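Asker: Please work out how this folds:
(chains A and B)
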Amino acid sequence: MPRTKLTAARLGPRDVLHVGSAGLRSRPVRVVLSALGIAIGIATMIAVVGISASSQAQLLRQLDALGTNMLVAKPGEGMFTGQEVELPKDAVGMVGRIAGVEKAAGTGDLRSSVRRSEKIPAAETGGIAVKAATEGLLDVLRGGLASGTWLNAANGRYPSVVLGHVSAERLGITRPGQQVWIDDRYFTVIGVLDPLPLAPEIERSALVGWEGAGRLLGFDGHPTTVYERSTDASVDEVQKLLAPTIDPRNPQNVSVGDPSSALKAKAATEGAFSTLLLGLGGIALLVGGVGVANTMIISVLERRHEIGLRRSLGATRGQIRIQFVTESLMLSGLGGLAGVALGGAATGVYTSTGGLPWVVPLWAVGGGFAATLAIGTVAGLYPAVRASRLSPTLALAAA
Amino acid sequence: MTTVVRLRGVTKEYAGGVRALDGVDLTVGEGELLGIVGPSGSGKSTLLHIVGTLDRPSSGTVEIAGHDIASLTDRRLSALRARRIGFVFQAFHLVPGVGALENVAEGLLYSGLPRSRRRRMAAEALARVGLADRLRHRPHELSGGQKQRVAIARAVVGEPALLLADEPTGALDSASGEAVMTLLHELHAEGATIAVITHDTEIAGRLPRQVRIRDGRVVEDTGRRAVEPLDSGAGEVAA
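Answerer: Predicted coordinates for the structure are as follows:
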């Protein structure tokens, strides 16, 4: 008998996939059930990351639209008395003359209350402030009207009022033309504003024209808040000049704020997804991995004959090992794919109901998938080693 | 004549002191068709495993197709099985849910041949066992006799030096069993070396050479023509 040189042939990648998927193809229900655990884990993680990323994208988009070049000046507290100091009557005009400032507007707080009708007691303000507003306010805030018109030189003189969207809701005003009771007379609502994320205090206000407020509500003409927009390049410069311009003698009496910084901080916290939920997803993933390991061990026990057959056909221990590791990898990989799709879809449902942009970061998809492959390898290793150590004679013993 | 199998003083003991084989000498030349006969528990299955290199002896030497298997690693032993030995089992051991062609091609999976070549050879092997028209049939769509013919095609597709058939008719009715034995005789006529392990003396009686096993020892070997001393360590014997 001529001796042939004995070297075990390698399995090509296609053959590895073929033997690795054979067990899966013959038991589809079990594949679905054991991949489900992995899928749920990955879906949870993708959805958690996706939803927070979408919320963050929404805020950043909003911030982009609203701009970061608006500053607000308010009276600070007096140095000695703790009393609020007044801003000069011409504060808005002075701010408007600072180099770099494109437009400025102001509001002045009134000691009035707004109610649905005169029958409601004056104490029930509903948390709504009545303010005098300059004509340029809406422009500076980049706000819009949900309905009706904004204050102008003509209607500002008469008992007319524009409501922030929160105040309109609280007063039960649904359309312009309805009337509200301010101090001792009815004012006609001429407009309702859109939400103003940069100026939540305006959302909770009833705005009366500057002139009308003086004539009808006894407004003293001192603004209590000055809003200004400057060019993006001069924001820092303007921020330094704002207080000295408004009150050259006591600039410390004027406090200057940047409302967009609060929004920026909010965007940052939205981006920091809930670690708790992510942890839950991780636990689900772990349980899924245990499920895959379990399925693989059962698979090895059930397929003793097949393992024996393959050994008799010339499979080496290594080839049996790689078959079962491949099977485990495919099992968890399928779960991972389903999980990514499921998590993406869950994010989609959340964002479409909330009107948010759909964002699932690529690193989350890649990371989730890498995690499933790692789990598949770990879960498959022990069963695969067991399979490869199986004695072929025992495996072939008649059932 | 070249020797395919050469066993010298092969003993196999299992844990607990069970001696399944006790000093077996056996020589099989190329082109032989022999029956290894014995009642259950006689050690013939252990002998099959040793000859098929699925198990190693406790003592004694085993040479298969010129290789002393004691000197081979698991990888080389696997390669030896992949190229030189074909198995046929009583329970067929076909892969369920896969067509006959795929099942036969599986016999070449570990041979290193490319896939298209494996499939072509599988189709030829199926034609050789008379199942050219059943290539796509899956095991549950085949009769017992057809299943065993698919298994035989899988065993011979790589033209092994030795075909080991373990109770090939054990799970079949007599007509199908007859057809399977006829097929094995045909393959022998074409030059294959075949060892049939069986408890059925009637089947064994129609084979050119019979080796009778009892209690782990060879008690009769018609290939040796004469009643030589059992443990003489005799050399090669002409069939």
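Asker: Contact partners for residue 87?
Answerer: I went with chain A, as the question did not name one. Counting by C-beta atoms under 8 Å, 6 or more residues apart in numbering or on different chains, residue A:87 touches A:73, A:74, A:75, A:222, A:223, A:224, A:226, A:246, A:247, A:254. Where you see a C-beta, it was placed from the backbone N, CA and C, and this is true even at glycine.
Asker: meant chain B, my bad for not saying
Answerer: Counting by C-beta under 8 Å, 6+ apart, residue B:87 touches A:312, A:313, B:52, B:155, B:164, B:165, B:166.
Asker: Up against chain B, what does chain A have?
Answerer: Residues of chain A found near chain B (C-beta under 8 Å from any C-beta of the partner chain) are A:1-4, A:6-12, A:14-15, A:19, A:22, A:25-26, A:305-306, A:308-319, A:391-393, A:396, A:398-399.
Asker: Where helices are concerned, which of those count?
Answerer: Counted as lying in helices by DSSP state H, out of those, are A:14-15, A:19, A:22, A:25-26, A:305-306, A:308-312, A:317-319, A:392-393, A:396.
Asker: Now the buried members of the residues you listed.
Answerer: A:15, A:19, A:22, A:305-306, A:308-312, A:317-319, A:392-393, A:396 (16 or more other C-beta atoms under 10 Å in any protein chain shown).
Asker: Might you report the residue contacts of residue A:306?
Answerer: B:93, B:95.
Asker: Residue A:256 too?
Answerer: A:71, A:72, A:73, A:239, A:242, A:243.
Asker: Over to residue A:265?
Answerer: Residue A:265 neighbours (C-beta under 8 Å, 6+ apart): none.
Asker: ok, of the contacts of residue A:87, which one's closest to chain B?
Answerer: Checking the contacts of residue A:87 against chain B by C-beta to the nearest C-beta gives residue A:74 as the nearest, at 77.3 Å.
Asker: State the helix or strand in which the closest one lies.
Answerer: Counting by DSSP states H and E, the element that carries residue A:74 is strand A:70-75.
Asker: could you give the mean pLDDT of the helix or strand following that strand?
Answerer: Once the chain leaves strand A:70-75, the next helix or strand it forms, by DSSP H and E, is helix A:91-96. Taken as a whole, helix A:91-96 has a mean pLDDT of 89.
Asker: Quick one: list the elements packing against helix A:91-96.
Answerer: strand A:101-109, strand A:225-230, helix A:235-246 (3 or more C-beta pairs under 8 Å, 6 or more residues apart in numbering or on different chains; DSSP states H and E).
Asker: longest helix of chain B?
Answerer: Per DSSP H, chain B has its longest helix at helix B:174-189.
Asker: mind listing what's buried in that one?
Answerer: Buried residues in helix B:174-189, counted by 16+ other C-beta under 10 Å: B:176, B:177, B:179, B:180, B:181, B:183, B:184, B:187, B:188.
Asker: Would you mind stating the distance between the third one and residue B:90?
Answerer: Read it as residue B:179. Distance from residue B:179 to residue B:90, counting by C-beta to C-beta, to the nearest Å: 16 Å.
Asker: Also the fourth one?
Answerer: As for residue B:180, its distance to residue B:90 is 11 Å (criterion: C-beta to C-beta).
Asker: Can you work out which residues contact both of those two?
Answerer: residue B:168.
Asker: Out of the buried residues of helix B:174-189, which two sit at the greatest distance?
Answerer: B:176 and B:188 (19.0 Å; C-beta to C-beta).
Asker: Could you tell me which residues make contact with the spatially most central residue of chain B?
Answerer: Nearest to the centroid of the C-alpha atoms of chain B, with distances taken as C-alpha atoms, centre = their mean, sits residue B:164, at 0.2 Å. By C-beta under 8 Å, 6+ apart, the residues touching residue B:164 are B:48, B:51, B:52, B:85, B:86, B:87, B:88, B:194, B:195, B:197.
Asker: Show me which of those residues are buried.
Answerer: For the contacts of residue B:164, buried by 16+ other C-beta under 10 Å: B:48, B:51, B:52, B:85, B:86, B:87, B:88, B:194, B:195, B:197.
Asker: which one of those residues sits closest to chain A?
Answerer: Nearest to chain A out of the buried ones among the contacts of residue B:164 is residue B:87 (C-beta to the nearest C-beta; 4.6 Å).
Asker: where do the strands sit along chain B?
Answerer: B:3-14, B:18-29, B:33-37, B:59-64, B:67-68, B:85-88, B:162-166, B:194-198, B:209-214, B:217-221 (DSSP state E).
Asker: didn't residue B:185 look like it was pressed against residue B:33?
Answerer: Yes - at 7.2 Å, residue B:185 and residue B:33 qualify as touching, with contact defined as C-beta atoms under 8 Å.
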